[in-house]
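Q: A structural model of the following input is requested.
(chains A, B, C and D)
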Protein chains: 2
Amino acid sequence: MSRKSRRDWLRAGLRRLARGGIDHVRVEPLAKELDVTKGSFYWHFTDRTALLDAMLQEWAEVATEAVIGQAEEAGAEPEARLRRLTTIASEGFDAQLELALRDWGRRDEAVSRTLGEVDDRRMSYLRKLLRESGFAAIDVEVRAFLLYSAVLGDALRPHARGRLGRKRLLDEAVALLVAPTGRTGKRKT
Amino acid sequence: MSRKSRRDWLRAGLRRLARGGIDHVRVEPLAKELDVTKGSFYWHFTDRTALLDAMLQEWAEVATEAVIGQAEEAGAEPEARLRRLTTIASEGFDAQLELALRDWGRRDEAVSRTLGEVDDRRMSYLRKLLRESGFAAIDVEVRAFLLYSAVLGDALRPHARGRLGRKRLLDEAVALLVAPTGRTGKRKT
DNA sequence: CTTGGTCAATACGCTACCGTATGGTCCATC
DNA sequence: GATGGACCATACGGTAGCGTATTGACCAAG
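A: Numbers count the residues shown, from 1 in each chain, chains lettered A, B, ... in the order given. The predicted structure is shown next:
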């Protein structure tokens, strides 16, 4: 077929990472998928490892800003931005890729580190929004953690069934965490 | 070395799954680890697939009761049982194994199904405890989801740094979800 | 002490990849 | 229209793992 750029290989690699995990990112199958031979690959990359490194870096650069940037579009109100998170979670970012990255990170310390950095930046942003919403110090920590966990937890349970739909459940969860005052949910006691 | 039982292979397989993911559960490396040859393996199992199936089933049987059973030990009070979850999360169950299972499930529909079943049983238990604590219907759903997500989210962020420690953060999160009334955390409006 | 059952070692062929080496094609430039 | 660089195909040797077939060690029962 046509010629492939370094970027083509990269995106194909990330696709495969999301689908099958890092162990399924192999050069020959990748080549077949792109309708070229590995001759092309080894011109663009020295190594399979080089591809993996590039993939990680590529993701790290995109991942942080993607989430934060989309939240900013929701308006200036921190509450609105926080609520926007549920939409982002279901569309704006590739949950499968996130999970695959995290699984990869369990085996590769370097991956784990950059993953931690991305998490930190995202969490910092969440904390900022929560502070602006008027939560006290400890609550900011806890709610940021819970918000982030909710988004990841949602992705981790594809077979979830319940009376609430997935989207709805996530919406309610965020609502609870962002504005608990006024809807405690207790009926007795 | 000495003879290996079917169970030995199984446990070694699960260990390897937790460490390196399902793609690292291979019979020859496994044999080396157990100080035997694959001759042994192919006596106990017909196939690599047979081992994987057995591993999944083994986990499914143990996993549900393990978590619930430990919660029961905390006493009859649903609140106490709920709070006990944080301890369970950090000790009582193998978080790495859980994550590896979930990653495996992203690629294998059968795995995904049993994973979903286990999740359902655990969530049902959480919902039951939350109902007993007096939460209304929707809140039960949402809080159960958030509790479960918190435990998983904790495992997903090994590099988490914050002023609160990991254990402490999880404690606070559970506290927030189990008894939000009386500690809303808002300081202004 | 022989026999049968249980479990393991060894050897074999096969497939899927990796990485290298070498040559080929296309295209711009002179 | 020759040349050089960018890009790709092909062929090769090497490793890791799968599954099978065969043989062997050990032990209990007869």
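Q: List the buried residues of the one helix or strand residue A:111 maps to.
A: Residue A:111 is part of helix A:109-132 when elements are defined by DSSP states H and E. The neighbour-count check on helix A:109-132 (16 or more other Cβ atoms under 10 Å in any protein chain shown) flags A:111-112, A:114-116, A:118-123, A:125-127, A:129-130 as buried. Heads up, the C-betas are built off the backbone N, CA and C, glycines and all.
Q: What of stretch A:166-181?
A: Buried positions in stretch A:166-181, judged by neighbour count with 16+ other Cβ under 10 Å: A:166, A:169, A:170, A:171, A:172, A:173, A:174, A:175, A:176, A:177, A:178, A:180.
Q: Tell me the one among those nearest to residue B:8.
A: residue A:166 (40.4 Å; Cβ to Cβ).
Q: Alpha carbons of the least confident helix or strand in chain A by mean pLDDT, in CSV - could you do that?
A: Here the helix or strand of chain A ranked lowest by mean pLDDT, DSSP states H and E is helix A:78-87, holding a mean of 87. The C-alpha trace of helix A:78-87 is given here as CSV (Å, rounded to 0.1, in the frame of the first residue of the first chain):
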residue,chain,number,x,y,z
PRO,A,78,-16.1,25.3,38.6
GLU,A,79,-19.3,23.3,39.3
ALA,A,80,-20.1,23.3,35.6
ARG,A,81,-16.6,22.1,34.8
LEU,A,82,-16.8,19.4,37.3
ARG,A,83,-20.1,18.2,36.0
ARG,A,84,-18.7,18.2,32.5
LEU,A,85,-16.4,15.5,33.6
THR,A,86,-19.0,12.8,33.2
THR,A,87,-19.3,13.6,29.5
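Q: next SSE after that helix?
A: Later in the chain than helix A:78-87, the nearest helix or strand by DSSP H and E is helix A:95-105.
Q: List the neighbours of that following helix that are in contact with it.
A: Helix A:95-105 has contacts (Cβ atoms under 8 Å, 6 or more residues apart in numbering or on different chains) with A:14, A:17-19, A:21-22, A:56, A:59, A:63, A:89, A:111-112, A:115, A:152, A:154-156, B:21, B:99-100, B:102-103, B:106, B:156, B:158.
Q: Quick check: nearest residue in space to residue A:88, chain neighbours excluded?
A: residue A:70 (5.1 Å; Cβ to Cβ, 6 or more residues apart in numbering or on different chains).
Q: which element is the one you found on?
A: If you go by DSSP H and E, residue A:70 is part of helix A:48-72.
Q: any weak-confidence spans in chain A?
A: Applying pLDDT under 70 to chain A flags the ranges A:1, A:92, A:180-189.
Q: where's the residue nearest to residue A:88 relative to chain B, distance?
A: When Cβ to the nearest Cβ, to the nearest Å is applied, the distance between residue A:70 and chain B equals 21 Å.
Q: what's the neighbour count on that residue?
A: Applying other Cβ atoms under 10 Å in any protein chain shown, we find 17 residues neighbouring residue A:70.
Q: Hmm, residue A:86 and it touching each other?
A: No. Applying Cβ atoms under 8 Å, one finds residue A:70 not in contact with residue A:86, separated by 11.6 Å.
Q: Give me the most central residue, chain A.
A: Taking Cα atoms, centre = their mean as the criterion, residue A:98 is the residue nearest the geometric centre of chain A, at 4.3 Å.
Q: Any figure for the gap between residue A:131 and residue A:78?
A: Taking Cβ to Cβ, to the nearest Å as the measure, residue A:131 falls 8 Å from residue A:78.
Q: How about residue A:109?
A: Computed with Cβ to Cβ, the distance linking residue A:109 and residue A:78 is 35 Å.
Q: What of residue A:14?
A: Using Cβ to Cβ, residue A:14 is found at 32 Å from residue A:78.
Q: same thing with residue A:161?
A: Relative to residue A:78, residue A:161 is positioned 33 Å away (Cβ to Cβ).
Q: Of these two, give the one with the bigger neighbour count.
A: Taking neighbours as other Cβ under 10 Å, residue A:161 and residue A:78 compare with residue A:78 leading, 18 against 12.
Q: ok, now which ones touch the more buried one?
A: For residue A:78, counting by Cβ under 8 Å, 6+ apart, the contacting residues are A:128, A:129, A:130, A:132, A:133.
Q: would you turn these into JSON lines with distance to DNA strand D?
A: Output for the contacts of residue A:78, formatted as JSON lines (distance: Cβ to the nearest atom of the strand, whole Å):
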{"residue": "A:128", "distance to DNA strand D": "42"}
{"residue": "A:129", "distance to DNA strand D": "43"}
{"residue": "A:130", "distance to DNA strand D": "46"}
{"residue": "A:132", "distance to DNA strand D": "47"}
{"residue": "A:133", "distance to DNA strand D": "50"}
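Q: phi, psi of residue A:135?
A: phi -80, psi 150 (degrees, to the nearest 10).
Q: before we move on, the earlier item: for the helix holding residue A:111, which helices and strands make contact with it?
A: Under the contact criterion of 3 or more Cβ pairs under 8 Å, 6 or more residues apart in numbering or on different chains; DSSP states H and E, helix A:109-132 touches helix A:48-72, helix A:78-87, helix A:95-105, helix A:137-156.
Q: Please identify the most buried of those helices.
A: helix A:137-156 (a mean of 23; mean count of other Cβ atoms under 10 Å in any protein chain shown).
Q: Next, the angle helix B:137-156 makes with it.
A: With axes from the mean of the first three to the mean of the last three Cα atoms, to 10 degrees as the basis, helix A:137-156 and helix B:137-156 are set at 90 degrees to each other.
Q: tell me the contacts of residue A:38?
A: Contacts of residue A:38 (Cβ under 8 Å, 6+ apart): A:27, A:28, A:31.
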